[in-house]
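# sequence? don't have it. structure:
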């Protein structure tokens, strides 16, 4: 298996490269279970976000939950909101955003639980994701936040892969990783 080694927060990690297409490989970054890295990143993001006047933090999927929990905890927030890629049995009056017409066919819907949607109405939110490659998920989150009446004041991706997501307003990333061509790795 092809891998990529990088240093983030002073910690070195070796991660697998996975095929995104026939010719393209992406670093398969996950922070799940990496307590040392999650704590370091939560410290770093909390320091950046502390003066931004966010009412809530929002994450687009479960795998970034430990990081968002850490940031919210450090900044004294009592809640944060996790979006899902489908309707879950616990959801009450979920708000569903279907993929936009210009998005690839594989893109899944994005869902917010109804009580969470009402909680975010007219609030300032910061969106935190682990990795951004194409920007599709961040665009979906922005549209969903607009649907529920929340204001995205900043979007964070810990890692940005490639340059495609540069057009997303108020996007910040901490680290850049290239997108690899199959014949260069």
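Noted; the coordinates are in hand. On a predicted model such as this, the values are computed, not experimentally measured, just so you know.
# state which strand of this protein is the longest.
Longest strand in the chain, counting residues (DSSP state E): strand 151-161.
# tell me what that one is packed against?
Packed against strand 151-161, as judged by 3 or more Cβ pairs under 8 Å, 6 or more residues apart in numbering; DSSP states H and E, are the following elements: strand 24-27, helix 35-49, strand 124-132, helix 136-148, strand 171-177. (Glycine included, C-beta is placed from N, CA and C.)
# beta partners of the spatially most central residue of the chain?
Within the chain, one residue has its C-alpha closest to the average C-alpha position: by Cα atoms, centre = their mean, that is residue 129, at 1.5 Å. The residues paired with residue 129 through beta bridges, assigned by DSSP bridges, are residue 157.
# the chain should start at 19 in everything you say after this.
With the count now opening at 19, the last piece we talked about shows up as residue 147.
# picking up where we left off before, which one of the helices and strands packed on strand 169-179 is the most hemmed in?
For these, the stretch with the most neighbours on average is strand 142-150, a mean of 23; neighbours defined as mean count of other Cβ atoms under 10 Å.
# on that earlier part again, mind checking which of the helices and strands packed on strand 169-179 is nearest residue 85?
With Cβ to Cβ as the criterion, residue 85 lies closest to helix 53-67 of the helices and strands packed on strand 169-179, at 5.4 Å.
# the closest one vs strand 142-150, what angle?
140 degrees (axes from the mean of the first three to the mean of the last three Cα atoms, to 10 degrees).
# re earlier: could I get the helices and strands packed on strand 169-179 as a markdown table with distance to residue 106 and mean pLDDT?
Rendered in a markdown table, the data for those read as follows (distance: least, Cβ to Cβ, whole Å; pLDDT from 0 to 100):
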| stretch | distance to residue 106 | mean pLDDT |
| --- | --- | --- |
| strand 42-45 | 27 | 86 |
| helix 53-67 | 24 | 96 |
| strand 142-150 | 19 | 95 |
| helix 154-166 | 15 | 94 |
| strand 189-195 | 28 | 89 |
